[in-house]
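**Q** Please work out how this folds:
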Amino acid sequence: MTKALVIFHHGMAPRSLRSSFRRTPRKFFCLLLLLFVPACIFGLYTDHIKVTYFFRPLWDKPPAPFIRLPHYYAENVSLDHLCRLHDWSLRAAPRRIFDAIIFSNELDLLDIRWHELDPYVTKFLIIEANTTFTGFPKPLFFASNRNRFAFAEEKIVHYVFPGTTLLRGSHTDPFKLESMQRVAMNSLLLQAGISYGDVIIISDTDEIPSPQTLKLLQWCDGIPYKMHLELKHYMFSFEFPVDYSSWRATAQIYTPNTKYQHIRQTDDLLSDAGWHCSFCFRHIDDFVFKMTAYSHTDRVRRRDFLDYRRIQRLICQGDDLFDMLPEEYTFKDLIKKMGSIPKSASAVHLPAYLIKNAEKFRFLLPGG
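**A** Here you go, the predicted structure:
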């Protein structure tokens, strides 16, 4: 009898365990759903932009690749040789170059830009508005500091754009207000005396083409009528190099169809053509102003984003001011760029005026 009971007991055990194992996954799965779904909803509600950027490789496609044009340069090499290396030819006389920018509050970068480009530029065109792209009243930073740029006074063509002041709570698209200023540049170019065959540089103040690039544009025949300029991208200062992802700056030979647009206009991209220093300011006030004034102001998702101590800490660490993930199209590239920007101790191949005036611009250099 005992033996039979033992046999009966052993025979029942596996059946009971199998039943238990069948029930456990269901309970476990339900528990996971109860925890995971609310967490996802809470995450989307509180930080939907970050979640969206993380899953960008699933919902967005990368733009068509550029045709990268090699860029040859070395000191003590003749322009004739450099033009021929690019399969271009040397001109008998230089082209005129018109440098045209929309200006906000980047006074230090404007100082560096114009000193760097002054030997090669015929006219410096600058538009500043009395309102921000977000529709709030704005000081005329350039007009009130114009004496700082007396060295280029004869070349400056300055226009104050009558901006649109919006009421708080208005939902007007900041990019629309930005576009209106860019359209105004087309008329200013004509007033400045631009002619067909001249070169126009279309870029923001912090997108600075190198002198080597402008020499090629001046002296080489056969260059593309339109080409984007690949700029080395920096954040906060030249101590934090990011990558070579900056491409919006454009050099164009002026024609009847030329429009001042800060968008992709061609597949041609001249490699290593200058510098793009984003959010490169001297004072925290300037960071706060730009964060609330430029077209991406929607990235300021919380009031504490504008806290001075927070901004200072993130700048020193090389972290994103808006707590955003990198804008990448593959998970591999996204994960590779997550985290702080590594610091660089190199101050080689930077604007010459910056290096000559290192004490004045110490905050832009490694260790500053």
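**Q** show me what contacts the nearest residue to Thr205 once chain neighbours are set aside?
**A** Setting aside the residues directly before and after it, Thr205 is nearest to Glu106 in space (CB to CB, 6 or more residues apart in numbering), at 4.4 Å. C-beta: built from backbone N, CA, C; applies to glycine. Contacts were defined as CB atoms under 8 Å, 6 or more residues apart in numbering; by that measure Glu106 touches Thr205, Asp206, Cys280, Phe281.
**Q** Can you list the residue ranges for helices in the stretch 201-350 of the chain?
**A** With DSSP state H, counting those that start in this stretch as the criterion, the stretch 201-350 of the chain has helices at 211-219, 284-293, 308-317, 331-337.
**Q** low-scoring stretches of the stretch 51-200 of the chain, by residue?
**A** Along the stretch 51-200 of the chain, segments meeting pLDDT under 70 span 167-171.
**Q** the strands in it, which residues?
**A** Here the stretch 51-200 of the chain has its strands, by DSSP state E, counting those that start in this stretch, at 67-69, 89-90, 97-103, 123-129, 156-161, 199-202.
**Q** Figure out which of these is closest to Tyr308.
**A** Set against Tyr308 and scored by CB to CB, those come closest in strand 97-103, at 24.4 Å.
**Q** what's that closest one packed up against?
**A** helix 107-117, strand 123-129, helix 174-191, strand 199-202, helix 211-219 (3 or more CB pairs under 8 Å, 6 or more residues apart in numbering; DSSP states H and E).
**Q** strands paired with the fourth one, and their directions?
**A** It stands for strand 199-202. strand 97-103 (parallel), strand 250-253 (antiparallel) (DSSP bridges).
**Q** what's the first one in contact with?
**A** Residues external to strand 97-103 that are found in contact with it (CB under 8 Å, 6+ apart): 110, 113-114, 117, 120-128, 141-142, 178, 181-182, 185, 188-189, 192, 194, 198-205, 214, 217-218, 254, 260.
**Q** before we move on, the earlier item: nearest to Val348, of the helices of the stretch 201-350 of the chain?
**A** Comparing these by CB to CB, helix 211-219 comes nearest, at 14.4 Å.
**Q** Kindly export that closest one (C-alpha atoms) in PDB.
**A** This file holds the C-alpha atoms of helix 211-219, laid out as PDB (Å, rounded to 0.1, in the frame of the first residue of the first chain):
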ATOM      1  CA  PRO A 211      40.000  81.600 -45.600                       C
ATOM      2  CA  GLN A 212      41.300  78.700 -47.700                       C
ATOM      3  CA  THR A 213      37.800  78.000 -48.900                       C
ATOM      4  CA  LEU A 214      37.200  81.700 -49.800                       C
ATOM      5  CA  LYS A 215      40.500  81.700 -51.800                       C
ATOM      6  CA  LEU A 216      39.200  78.800 -53.900                       C
ATOM      7  CA  LEU A 217      35.900  80.500 -54.500                       C
ATOM      8  CA  GLN A 218      37.700  83.700 -55.500                       C
ATOM      9  CA  TRP A 219      40.300  82.400 -57.800                       C
END
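**Q** what's the burial count for His115?
**A** Other residues near His115 come to 18 when the count uses other CB atoms under 10 Å.
**Q** and of the strands paired with strand 199-202, who's closest to Pro224?
**A** strand 250-253 (8.3 Å).
**Q** Quick check: mean pLDDT of the closest one?
**A** For strand 250-253, the mean per-residue pLDDT is 98.
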